[in-house]
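Chemist: pasting the structure only:
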């Protein structure tokens, strides 16, 4: 990384690095310190008190954000017959089976999320090396391997996110856009942490939510007090 730019340094001055903010105040500060000419994304980073190297401490789940992410999600569906028609009707951007597999194997990856009906997984599974590292592999745990393709497509289009803790114990997730304003972002972040709290592994000992920060695409991180967050999601 190069040296931080002038605008970033100006933004940093607006953030009290020694303070852990209340949730709404943190969101307001993050919005205030955004300086890009585009509508920046607002993301949250959480350090969890888990050791993801142990299977019983893995935190993974999905959450339908009340106001979505503000991003346009291009959804691809692997399906055949009537399920293909159902996916198209629900608003999927790309629908097919062997033709799509061939296209992807040829290097095409112009989509953000993939759904597959269970009967397609034998074929789709062969593309694990291509789709897996990019987080595009359909998975039953995140609801993207299903015969209910219409519901899966609609939820992804509406702002359903899936997340998993990294090896370092950190969880990253998008919460929306600066243009949402603090109130809508607060509702999204509440829904997200409600889900994260419910996913707390019984094997995890000690403090679960160790540290939390929100930031915009270009702006500095703003720390949130985990104790004040707990008050919000009670």
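Modeler: Yep, it's here. Computed from a predicted structure; not experimentally measured. Numbering: from 1, shown residues only.

Chemist: Show me what the nearest residue to residue 111 once chain neighbours are set aside bridges to in the sheet.
Modeler: In this structure, residue 111 finds its nearest non-sequential neighbour in residue 76, 4.1 Å apart by Cβ to Cβ, 6 or more residues apart in numbering. Yep, even glycine has a C-beta here, placed from its N, CA and C like the rest. Taking DSSP bridges as the rule, residue 76 bridges to residue 94, residue 114.

Chemist: Equivalent analysis for residue 48, please.
Modeler: residue 209.

Chemist: Now for it: which residues touch it?
Modeler: 59, 165, 169, 170, 171, 196, 204, 208, 209, 210 (Cβ atoms under 8 Å, 6 or more residues apart in numbering).

Chemist: tell me which of those residues is nearest to residue 220?
Modeler: Closest approach to residue 220 among these (Cβ to Cβ): residue 170, at 17.1 Å.

Chemist: how many other residues sit next to residue 137?
Modeler: 20 (other Cβ atoms under 10 Å).

Chemist: so it touches residue 126, yeah?
Modeler: No - when contacts are counted by Cβ atoms under 8 Å, residue 137 is not listed as touching residue 126 (11.1 Å).

Chemist: if we can go back for a sec, contact partners for the residue nearest to residue 111?
Modeler: Contact analysis of residue 76 by Cβ under 8 Å, 6+ apart lists 92, 93, 94, 95, 100, 111, 113, 114, 115.

Chemist: so where's this structure shaky on pLDDT?
Modeler: For the chain, applying pLDDT under 70 flags the ranges 1-4, 7-14, 233-234.

Chemist: can you give me the strands for the chain?
Modeler: 41-48, 60-64, 75-78, 94-96, 113-116, 160-164, 170-177, 209-216, 222-224 (DSSP state E).

Chemist: now the ones you listed in TSV, with distance to residue 131?
Modeler: Output for the strands of the chain, formatted as TSV (distance: least, Cβ to Cβ, whole Å):
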stretch	distance to residue 131
strand 41-48	23
strand 60-64	17
strand 75-78	10
strand 94-96	14
strand 113-116	7
strand 160-164	14
strand 170-177	20
strand 209-216	28
strand 222-224	34
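
Chemist: chain center to the top helix by length along the chain: distance?
Modeler: For the chain, the helix reaching the highest residue count under DSSP state H is reported as helix 181-198. Helix 181-198 has its C-alpha centroid displaced from the chain centroid by 12 Å (Cα atoms, centre = their mean, to the nearest Å).

Chemist: So which elements touch it?
Modeler: Applying 3 or more Cβ pairs under 8 Å, 6 or more residues apart in numbering; DSSP states H and E, one finds that helix 181-198 contacts helix 23-32, strand 41-48, strand 60-64, strand 170-177, strand 209-216, helix 226-233.

Chemist: Please produce a markdown table containing the ones you listed, extended by distance to residue 105.
Modeler: Formatted as a markdown table, those follow (distance: least, Cβ to Cβ, whole Å):
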| stretch | distance to residue 105 |
| --- | --- |
| helix 23-32 | 41 |
| strand 41-48 | 31 |
| strand 60-64 | 27 |
| strand 170-177 | 29 |
| strand 209-216 | 37 |
| helix 226-233 | 44 |
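
Chemist: Let me know which of the ones you listed is the nearest to residue 143.
Modeler: strand 60-64 (6.1 Å).

Chemist: What is the neighbour count of residue 207?
Modeler: The tally of other residues near residue 207 (other Cβ under 10 Å) stands at 11.

Chemist: if I look at the residue lying farthest from the centre of the chain, how far off is residue 97?
Modeler: Most distant from the centre of the chain: residue 81, at 30.8 Å, with distances by Cα atoms, centre = their mean. Computed with Cβ to Cβ, to the nearest Å, the distance linking residue 81 and residue 97 is 9 Å.
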